Each structure stands twice: as structure tokens, then as C-alpha cells.
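Peer 1: Sequence first, predicted coordinates after that:
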Amino acid sequence: MPNETDKRLAELAAKLERAFGERLVSVVLYGSAAAGELHGKYSDLNVLCVLKTIGPEELRVTEPLIHWWRSLENPAPLFLTEEELHNSTDCFAIEFHDIVECHRVLAGRDVVAGLSIDDSFYRGQVEHELRAKLLRLRQKAGGLLSDKGMLVRLMAESVSTFCNLSRHALRLAGVPAPMHKREAISACQGQFGIDPAPFYTLLDLREGVKKSRDLDPPALLAAYMQQIEALTGAVDRLAKVS
């Protein structure tokens with residue numbers, strides 16, 4: 001029997017089909033939900049919508065649909081034409097590797113199965129994302145150190161991104177990159193010497209295994225940032241031997 005998430009996704013697909021008709025090529029779910037790792041308030045329903053053309057009329061049609069979808073606390077769908085889908089794999093290599101490896105077609109054709117991804121800038125994109133997300137974490141944490149609850153939430157909301165980037169670090173190193181977060185972090189321990197403990201703690205928090213009141217947020221932040229820095233350094237060194 002469909003759960004609430006499946007019902008929402010089916011409703012979204014139906015709305016998109018009604019809105020665009022023959023202009024709709026595909027609707028694809030990707031990210032945590034497609035991988036079976038959806039965790040309530042910490043996870044989004046990420047959707048890619050591929051259209052034949054995208055102009056002012058298509059954007060006008062999407063406005064009420066996007067307002068409705070965002071009212072359910074989901075990010076707006078990504079809208080691409082099929083031509084853009086094939087021509088942008090070099091600058092969005094991370095995103096397209098994720099989508100190809102784990103996705104679910106909600107409507108239309110499976111336009112990403114077998115998609116050829118250009119890895120020309122892949123390593124640089126992974127390092128850029130690690131460094132940019134670490135800088136953002138520091139910026140936000142600097143204003144939250146006296147609010148332990150908000151500091152814990154900040155880390156819990158960010159850990160999915162860093163776990164995902166750890167998968168791409170593994171892929172760049174030429175070793176298997178598990179889809180599930182814990183498995184990816186565990187593999188990084190073996191490949192790069194990363195201590196998985198702070199990541200596991202934050203995943204436990206997301207999954208309800210641990211409570212924020214049982215944590216020491218400043219100490220956790222220090223350990224968490226140290227391991228992110230170590231992972232970033234490992235990706236940087238891959239450039240020197242490639």
C-alpha cells in the first residue's frame with residue numbers, strides 16, 4: 001500500500017503531466033528518497049523534470065505547482081530540457097552520477113539510464129563542493145556556538161551532503177562507492193583513513209538512535225570538521241597522482 005511519500009510523489013507527477021502534456025519528457029526522483037534513506041525533517045524529495053522546451057510559458061505554468069511543492073517543505077523540482085540534460089554532464093558530474101546510479105522514474109521515459117557523463121571536471125567539482133560546504137559549515141557554526149540545539153541541527157542537516165561527497169571521493173580513487181551513507185563513510189575509513197565516528201553520531205541523530213541532549217556539540221563539531229578537512233585533503237592529493 002502506498003505510503004504518504006509515494007502519494008505525494010504520484011500527485012506531483014500527475015500535476016506535471018496535466019500541466020505540460022506532450023511537452024513533458026520525464027519526471028525522475030533522485031537523492032535520499034530514491035536510495036531508501038529518507039529521514040523525516042532531515043531529508044528532501046528531490047525531483048528532476050525534463051521538458052522538450054523551457055521558456056516563459058513553461059515557467060508560468062510551473063509557478064503554482066512549485067508553490068504547492070515547496071509548501072510541503074520540498075525543494076522546487078529541477079527543470080531541464082533533454083538537450084541540456086546531455087550537454088551539462090561535465091559541469092554537473094556529481095549530480096548526474098548520483099541520478100544515474102540511483103533514481104526512480106515517476107512519469108515519462110527513463111532519460112538518465114545509460115547517460116554518458118563527461119568527467120573532465122569531476123575531481124575539481126568534488127574538491128570545490130567539499131571546500132565550499134566546509135566554509136559554509138564554519139560560517140554558520142560561528143554564529144551558533146552558544147546555541148547547542150541549533151548547532152546540532154546544523155551538523156545533522158549537513159552530514160548527508162558530506163556523506164554523499166565521500167562517495168565521489170571513493171569513485172575518484174577508483175574503488176567501489178557504496179550508495180548508503182554509513183557504508184560510504186566506512187569505505188572512506190579504509191581508503192583515506194577518515195575517522196567515521198562523528199559521521200556515525202550525526203546519522204544516529206537523524207535516525208532517532210541518539211538524542212541531541214546526549215551530545216557535546218562543540219566537541220562533535222571539532223571532530224566533524226577535522227574529518228571533513230581530512231577528506232578534502234585526500235581528494236586534493238588525488239589530483240597530484242592523476
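Peer 2: Yep, it's here.

Peer 1: name the helices or strands packed onto the strand or helix carrying residue 204?
Peer 2: Following DSSP states H and E, one finds residue 204 within helix 197-206. For helix 197-206, the helices and strands in contact under the criterion 3 or more C-beta pairs under 8 Å, 6 or more residues apart in numbering; DSSP states H and E are helix 148-172, helix 181-192, helix 217-241. Bear in mind the C-beta positions are built from the backbone N, C-alpha and C, glycine included.

Peer 1: With residue 23 as the reference, name the closest of the ones you listed.
Peer 2: Between residue 23 and the helices and strands packed on helix 197-206, the shortest gap by C-beta to C-beta is with helix 148-172, which sits at 31.2 Å.

Peer 1: Mean confidence (pLDDT) on that closest one, please.
Peer 2: Across helix 148-172, the average pLDDT comes to 95.

Peer 1: now do stretch 24-34
Peer 2: The predicted confidence, averaged over stretch 24-34, sits at 90.

Peer 1: Tell me if residue 178 really is in a helix.
Peer 2: No. With DSSP: H, G, I helix; E, B strand; the rest coil as the criterion, residue 178 is assigned coil and is not in a helix.

Peer 1: Show me what counts as buried in stretch 179-194.
Peer 2: Residues of stretch 179-194 classed as buried: 181, 182, 184, 185, 186, 187, 188, 191, 192, 194 (neighbour count, 16 or more other C-beta atoms under 10 Å).

Peer 1: Stretch 224-240 too?
Peer 2: Of the residues in stretch 224-240, those scored as buried under the neighbour-count criterion (16+ other C-beta under 10 Å) are 224, 225, 227, 228, 231, 232, 234, 235, 238.

Peer 1: For the chain, which element, helix or strand, carries the lowest mean pLDDT?
Peer 2: Taking mean pLDDT, DSSP states H and E as the measure, helix 32-35 is the helix or strand of the chain with the lowest mean score, a mean of 79.

Peer 1: other SSEs contacting it?
Peer 2: Taking 3+ C-beta pairs under 8 Å, 6+ apart as contact, the helices and strands that helix 32-35 lies on are strand 46-51, strand 103-108.

Peer 1: now, which of the buried residues of stretch 224-240 sits nearest residue 73?
Peer 2: After measuring those against residue 73 - C-beta to C-beta - the closest member comes out as residue 224, at 24.9 Å.

Peer 1: Could you find the closest non-adjacent residue to that closest one?
Peer 2: Closest residue to residue 224 apart from its sequence neighbours, by C-beta to C-beta, 6 or more residues apart in numbering: residue 198 at 4.1 Å.

Peer 1: Which pLDDT value belongs to residue 214?
Peer 2: The score at residue 214 is 86. That number is its pLDDT.

Peer 1: Likewise for residue 2?
Peer 2: Residue 2 carries a pLDDT value of 61.

Peer 1: what about the closest residue in space to residue 223 that isn't next to it in sequence, neighbour count?
Peer 2: With C-beta to C-beta, 6+ apart as the criterion, residue 223 has its nearest non-adjacent residue at 4.3 Å, and that residue is residue 198. Residues contacting residue 198 under the criterion other C-beta atoms under 10 Å number 23.

Peer 1: cool, the one 4 residues further on as well?
Peer 2: The criterion is other C-beta under 10 Å. On that basis, residue 202 has 25 neighbouring residues.

Peer 1: which residues sit in contact with the residue lying closest to it once chain neighbours are set aside?
Peer 2: The shortest distance from residue 202 to any residue that is not its chain neighbour, by C-beta to C-beta, 6+ apart, is 4.1 Å, and that residue is residue 159. Contact analysis of residue 159 by C-beta atoms under 8 Å, 6 or more residues apart in numbering lists 181, 199, 202, 203, 206, 224.
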